[in-house]
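In: everything below, folded, please.
(chains A and B)
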Amino acid sequence: AQTVTQSQPEMSVQEAETVTLSCTYDTSESDYYLFWYKQPPSRQMILVIRQEAYKQQNATENRFSVNFQKAAKSFSLKISDSQLGDAAMYFCAYRENSGGSNYKLTFGKGTLLTVNP
Amino acid sequence: KAGVTQTPRYLIKTRGQQVTLSCSPISGHRSVSWYQQTPGQGLQFLFEYFSETQRNKGNFPGRFSGRQFSNSRSEMNVSTLELGDSALYLCASRDRVIGEAFFGQGTRLTVV
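Out: The predicted structure is shown next:
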């Protein structure tokens, strides 16, 4: 079974600074997707960034970027120029590439990010 | 386009009762999946429905069930509620062929 581990229950960062959230995963599959989701106090899960395992290039979405190390099964999220609105719980997630069927996300336990003004 | 809508937002039930939660997916999305979120276990997959058929099921007891209607709206039911069923229940919908899941704001269930 696939597992996702986030070793940092809480992190804090100063506004405008950079922070990196860690995630490791375990799978025997070679074709899969990795995600970072953000859950603010409103509780709605928001997709921040997605990485396809077959792509060597790290995904980037504005201030958010990932460091994907497939051999090490590591997938960290870097937030640059942190803003107060980035404060939230961040979840790392995994799913197999099953061609549209059997869609199941496996989540880590989350990292609570605090942004200090 | 309206997002994923879950009703009700909050619910309080007594042990032994049953409960039904509703999820209306984004228009055009035919796949709906459900997740349970608790402080202890985190986010866990319950099941996924597509075209009124359950396609995948997580490791939950038979007290947890669901269904999907022809308009893609989905309900999940929990019978004989236990205190440990207190959780945030999240629904997500997606276009089955492409795209990732979009989540609703969840239903907060408290069992007393």
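In: what does residue A:105 show for phi and psi?
Out: Main-chain dihedrals, residue A:105, degrees, to the nearest 10: phi -90, psi 130.
In: my error: substitute residue A:85 in the last question.
Out: The phi and psi values for residue A:85, taken as degrees, to the nearest 10, are phi -70, psi -10.
In: what about it, how many residues nearby?
Out: 9 (other C-beta atoms under 10 Å in any protein chain shown). All C-beta atoms are positioned from the backbone trio N, CA, C, and that covers glycine.
In: least confident secondary structure element in the chain?
Out: Just so you know, I chose chain A. strand A:60-61 (a mean of 92; mean pLDDT, DSSP states H and E).
In: wrong chain, I was asking about chain B
Out: Min over SSEs of chain B, mean pLDDT, DSSP H and E: strand B:53-57 (a mean of 91).
In: what helices or strands is that one leaning on?
Out: Contact partners of strand B:53-57 among helices and strands, from 3 or more C-beta pairs under 8 Å, 6 or more residues apart in numbering or on different chains; DSSP states H and E: strand B:42-50.
In: the strand it packs on to strand B:53-57, inter-axis angle?
Out: Going by axes from the mean of the first three to the mean of the last three C-alpha atoms, to 10 degrees, strand B:42-50 is angled at 150 degrees with respect to strand B:53-57.
In: which strand residues bridge the residue positioned nearest the centre of chain A?
Out: Central residue of chain A (C-alpha atoms, centre = their mean): residue A:36, 2.7 Å from the mean position. Taking DSSP bridges as the rule, residue A:36 bridges to residue A:49, residue A:92.
In: list the residues that contact it.
Out: Applying C-beta atoms under 8 Å, 6 or more residues apart in numbering or on different chains, we find residue A:36 in contact with A:21, A:23, A:47, A:48, A:49, A:64, A:66, A:77, A:90, A:91, A:92, A:93.
In: again, only this time at 10 Å
Out: Counting by C-beta atoms under 10 Å, 6 or more residues apart in numbering or on different chains, residue A:36 makes contact with A:21, A:23, A:46-51, A:59, A:61, A:64, A:66, A:75-77, A:79, A:90-93, A:108, A:111.
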